[in-house]
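coords please:
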Amino acid sequence: MQAADFAPTFPETIAEARLRQAPPTYMGHSAAARRVQSMIQRAVRTNLPVLLVGPAGTGKEMIARLLHHFGGGEVPMLEVVRGNEQPRLHSLGAFTYLSRLEDLPLEEQARLPALTGLGRIVIGTRLRPESDEGRAKLHPQIVRWASGIRIDVPTLAERIEDLEMMAMDVIARNPSRRPVGGIADNALDCLRNYRWPNNMDELNEVITAAMAAGSTETIELRDLPAKLRVRDVHHARAESPERQLCLEEAEKQAIRRALNYARGNKRKAARLLHIGKTTLYRKLKQYDLE
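Numbers count the residues shown, from 1 in each chain. Next up, the predicted model:
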């Protein structure tokens, strides 16, 4: 019998068990996404309140879950509290995400520090505290207290370079009656031209519907909702031929510079351009730069 057989064993801690599970992710290689990722890393290393500011559908709750996954210690669960469902709060858990601070009455907002105690709180709001509506609906003292770390969460339109990656993630996470392995170039262009008022929630709905509507291994333009395709046609007509040529030339020059800087490494060039590798290959073929 080996000496190791007598080594003491210790039960796995809650934190260790949680870290063995697949974590939530805030994906993206755009400048906006990288800023959020940097702030998340900072927030994980502290016990300060965190204020998440951004419109609906931008992933605020997922960020809160990510913070709990990596920084929740021995707290087994993230408690999610909706401001519009809690006219009066009685207590908060050891790690809480309070959604839609603006829906909580101002007098209830003022009680949050006392209710949090030694626990950790992440607060989400759709309102910018500096806006007129924000000043009217967000308690100023609580905004200051919760802004130990403030993360401004960008809209999908503000990080449109990440759209292809996020759309492919939706495909990977949603089972389909047929294998779907990609998105056609014209469908991807159509998705990028849309403004996405409901952000990632809407992208999930659009891709899921396109997977159900299509019949090939690729999401085609015809599989997308009509509201996107109609707008895409109008967008194309709005660009003059001269402007289209200018945009194409600027794009070609940017690709050439990135390839030169990356010494021909296409993967690195794609990262420099903040586009997916498949998009870069498509552009190289389109502009005869291969």
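
can you pull out the strands in this structure?
Along the chain, the segments classed as strands by DSSP state E run 50-53, 79-82, 95-99, 120-125, 149-152, 182-183, 218-219.

so what does the third one touch, helix or strand wise?
Same thing as strand 95-99. The criterion is 3 or more CB pairs under 8 Å, 6 or more residues apart in numbering; DSSP states H and E, and the helices and strands that strand 95-99 contacts are helix 60-71, strand 79-82, strand 120-125. Bear in mind the C-beta positions are built from the backbone N, C-alpha and C, glycine included.

by contact count, what packs against the first one?
For helix 60-71, the contact count by 3+ CB pairs under 8 Å, 6+ apart identifies helix 14-19, helix 31-44, strand 50-53, strand 95-99, strand 120-125 as packing neighbours.

Average pLDDT for the second one, rounded please.
Mean pLDDT, taken over the full extent of helix 31-44, equals 95.

again with the third one
Confidence over strand 50-53 (mean pLDDT, whole number) is 97.

Alpha carbons of it, as PDB, please.
Provided in PDB are the C-alpha atoms of strand 50-53 (Å, rounded to 0.1, in the frame of the first residue of the first chain):
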ATOM      1  CA  VAL A  50     -21.300  46.800  -9.000                       C
ATOM      2  CA  LEU A  51     -23.600  49.000 -11.100                       C
ATOM      3  CA  LEU A  52     -24.400  47.700 -14.600                       C
ATOM      4  CA  VAL A  53     -25.800  50.400 -16.900                       C
END
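
Off-centre distance for it?
Its chain's C-alpha centre and that of strand 50-53 lie 14 Å apart, by CA atoms, centre = their mean, to the nearest Å.

Straight-line length of stretch 149-165, end to end?
End-to-end distance for stretch 149-165: 27 Å, by CA to CA, to the nearest Å.

Could you look over the helices and strands packed on strand 95-99 and pick the most buried one?
Mean neighbour count, computed with mean count of other CB atoms under 10 Å, is highest for strand 120-125 among the helices and strands packed on strand 95-99, reaching a mean of 27.

picking that back up, let me know which of the helices and strands packed on strand 95-99 is the nearest to Asn193.
Of all the helices and strands packed on strand 95-99, the one in closest proximity to Asn193, counting by CB to CB, is helix 60-71 (25.6 Å).
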